[in-house]
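A.B. asks: Got a predicted structure plus its sequence, pasted below:
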Amino acid sequence: MTNIKVIIPAFNEEESIPKVIADIPRSVSEIIVVNNNSSDNTAKNALAAGATVVDESKPGYGYACLAGMDYVDKQSKLPDIIVFLDGDYSDYPEELDKIVAPIIKEDIDLVIGARKKELREAGSMTLPQIFGNWLATLLMRLFFGANFTDLGPFRAIKYEKLKELGMQDKTYGWTVEMQLKAIRKKLAYKEVPVRYKRRIGVSKVSGTIKGAIFAGIKILGWIFKYSVK
């Protein structure tokens, strides 16, 4: 049986996190919520919902993901697949089996949940998100011949391949770093269309002008860094 673990970075998601955990399929062996310096009941509610909680006091999406990976790395039985999923309930966690299927059935290394326009709830992605995804994936096609259409956070990757990538980004560039390194290392990747809805609460990144600007800078920075190598 395939050993699948889920890592969920979460900052002040007390209302949404129990819903996310409840909708994750039972094919998952462990749900790891990384409490990223929350000031609310995110950790308490995640524990009550049955998740493992790992604390990371340094704020940042990448910091949280790395903390989750560090926790997994120390386990005696390592997983086959790691799934990353946001804690705001904008994704549909029940689609996890669809995300991991290409890895299990087709030996794909990395699967990105692509938030196709026809599957998105109106208003679920902000204009900066939509434009940023379009620009980033366009540049990846032009510079690297990639066929990504999204930087969606709902994604699955073989654990051994994830370790090979040597992930480093601590904040907003985590998703694009993973995709760029997958291209560089010639991993087999695929996109799977997924539904997407309005998140619970306000986004800490796309919901603020500062967050959107810094996210854009980090994403473009990673792309141009790799384009000159």
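C.D. replies: Received the coordinates, thanks.

A.B. asks: so the most centrally placed residue in the chain is in which element?
C.D. replies: Centroid check for the chain by CA atoms, centre = their mean gives P153 as the closest residue, at 3.0 Å. Following DSSP states H and E, there is no helix or strand that holds P153.

A.B. asks: what's the residue nearest to it when sequence neighbours are not counted sitting at in phi/psi?
C.D. replies: Once flanking residues are discounted, P153 sits nearest to D86: 4.9 Å by CB to CB, 6 or more residues apart in numbering. The way it works is simple: take the backbone N, C-alpha and C, and place the C-beta from them, glycine included. Phi and psi for D86, reported as degrees, to the nearest 10, are phi -80, psi 160.

A.B. asks: Please enumerate the strands of this structure.
C.D. replies: Secondary structure of the chain (DSSP state E): strands at 4-10, 30-35, 52-55, 81-84, 110-114, 155-158, 189-193.

A.B. asks: between those strands, which gets nearest to K181?
C.D. replies: Closest to K181 of the strands of the chain, according to CB to CB: strand 110-114, at 9.7 Å.

A.B. asks: hmm, who's touching stretch 69-77?
C.D. replies: Residues outside stretch 69-77 that contact it (CB atoms under 8 Å, 6 or more residues apart in numbering): 3, 5, 7, 32, 52, 54, 78-79, 82, 159, 162-163, 167.

A.B. asks: same question for that stretch, mean pLDDT?
C.D. replies: Stretch 69-77 shows a mean pLDDT of 97.

A.B. asks: repeat for stretch 5-23
C.D. replies: The average pLDDT for stretch 5-23 rounds to 98.

A.B. asks: what about the helices in the protein?
C.D. replies: 17-23, 42-48, 61-73, 96-106, 127-144, 159-165, 174-184, 209-227 (DSSP state H).

A.B. asks: Pick the most buried one from these.
C.D. replies: Of the helices of the chain, the one with the most neighbours on average (mean count of other CB atoms under 10 Å) is helix 174-184, at a mean of 23.

A.B. asks: Could you give the average pLDDT over it?
C.D. replies: pLDDT averaged over helix 174-184 gives 94.

A.B. asks: That one vs strand 4-10, what angle?
C.D. replies: Helix 174-184 and strand 4-10 are oriented at 140 degrees to each other (axes from the mean of the first three to the mean of the last three CA atoms, to 10 degrees).
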